[in-house]
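Colleague: Predicted structure and sequence below. I'll ask about it afterward.
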Amino acid sequence: MSAAPLAYLSGSGERANTIVPLTWYVLVVSIVVCIVIAALLWGGVRRARFADSADVAVERGGNGLGWIKWGVIISAVPLAISLIWTMAALGSVVGPPRRAGLTIDVTAHQYWWEVRYDGASPSETFLTANEIHIPTGVKVLVRLHGGDVIHSFWVPQLSGKTDAIPGQINLTWLQADSPGRYRGQCSEYCGLEHAEMGFEVVADPPADFARWRMAQLQTAPPPATDAARRGQAFVQYRCAMCHAVRGTLAASHYGPDLTHLMSRRLIAAGMLLNNRGNRAGWIEAPQTVKPGALMPNQKLTGQQLNDLDAYLETLK
């Protein structure tokens, strides 16, 4: 498993940097409240334990209103600060940027993420999956679509949570101040493999992002070996029912686009490192790796699996 913990106590972009201080404030206040309550309970239990009930006279009064009054007054101060701060933070981050440097469409499926980069013409448009590249220092508008059920898009170091709902488009935005990989996750229960529906946002310097985008526009190269040619034929008559490889007869978009599979660090929606062993295990028996995924077990021969991987390794 390559999934890193979701780091929500630090930010790496304008939107997250607005939310993180509020998160720390609420966390600290919550800890203080727990400590105070625990101390009062401990004191009350200790006092009752050592008190001799025979020596306590029955008296009127002592209704505890003073504790309630001061408790309400003291509690109201951090609650008011939290309310005002929350409204201010929401006002800063809730709306899409007025001038987005990049717009992408992300569609959530059970249980993976489809990412579409549009261009000025159809030849400049391409699809990828589970790995979102953005340029650093640029506000990126993300149009969210629900492909089947309600999902939720969350990259804690870059943005808050926004639902992806079938039949409507929700808007969110990202901005990364420094290059790096930022873990994202579906945060709305969407089915059996909800917990394994992750992705990565890769923030590249603008020049590197431009080179990555140009590479993604290229079609798959022709296979150069007999094994790769057999693998391509296998993809076109079998994998093509669900997957696309641009430049070949495989053109279905039911599953992730595989045209540049080898340019991605992870496979299976962020579950596995993209290496030969993991690819073989995932292709042959995805229901063992990710029970409930919509990809069925393939039951391939060793020769078919080797030929298929020989071809997939050319998809860079």
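Modeller: Perfect, thanks for sending it. Numbering: from 1, shown residues only.

Colleague: Strands along the chain, start to end?
Modeller: 102-109, 112-117, 126-129, 131-135, 140-146, 151-154, 162-164, 170-174, 180-186, 198-204, 266-267, 272-273 (DSSP state E).

Colleague: most neighbours per residue, which of the ones you listed?
Modeller: Greatest average neighbour count among the strands of the chain goes to strand 151-154 (a mean of 24), per mean count of other C-beta atoms under 10 Å. Placement of C-beta: from N, CA and C, glycine included.

Colleague: So which elements touch that one?
Modeller: strand 102-109, strand 162-164, strand 180-186 (3 or more C-beta pairs under 8 Å, 6 or more residues apart in numbering; DSSP states H and E).

Colleague: and Gly13, which of the ones you listed is closest to it?
Modeller: strand 180-186 (8.6 Å; C-beta to C-beta).

Colleague: any idea of the angle that closest one forms with strand 112-117?
Modeller: 130 degrees (axes from the mean of the first three to the mean of the last three C-alpha atoms, to 10 degrees).

Colleague: what packs against strand 180-186?
Modeller: strand 151-154, strand 198-204.

Colleague: switch to 10 Å and redo it
Modeller: strand 112-117, strand 131-135, strand 151-154, strand 198-204 (3 or more C-beta pairs under 10 Å, 6 or more residues apart in numbering; DSSP states H and E).

Colleague: Note down every partner strand of the last one and its orientation.
Modeller: Pointing back at strand 198-204 there. Next to strand 198-204 in the sheet, as set by DSSP bridges, lie strand 131-135 (parallel), strand 180-186 (antiparallel).

Colleague: Which of the ones you listed sits closest to His109?
Modeller: strand 180-186 (10.1 Å).

Colleague: so how far is the closest one from its chain's centroid?
Modeller: In this view, strand 180-186 has its centroid 5 Å away from the chain centroid, taken as C-alpha atoms, centre = their mean, to the nearest Å.

Colleague: In this protein, mark out all the helices, start to finish.
Modeller: Using DSSP state H, the helices of the chain run over 14-50, 65-93, 206-216, 226-237, 276-284, 286-289, 302-312.

Colleague: Let me have those helices in JSON lines, adding mean neighbour count and distance to Gly184 as columns.
Modeller: Output for the helices of the chain, formatted as JSON lines (neighbours: other C-beta atoms under 10 Å; distance: least, C-beta to C-beta, whole Å):
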{"stretch": "helix 14-50", "mean neighbour count": "13", "distance to Gly184": "12"}
{"stretch": "helix 65-93", "mean neighbour count": "12", "distance to Gly184": "17"}
{"stretch": "helix 206-216", "mean neighbour count": "14", "distance to Gly184": "18"}
{"stretch": "helix 226-237", "mean neighbour count": "18", "distance to Gly184": "28"}
{"stretch": "helix 276-284", "mean neighbour count": "16", "distance to Gly184": "20"}
{"stretch": "helix 286-289", "mean neighbour count": "15", "distance to Gly184": "20"}
{"stretch": "helix 302-312", "mean neighbour count": "18", "distance to Gly184": "24"}
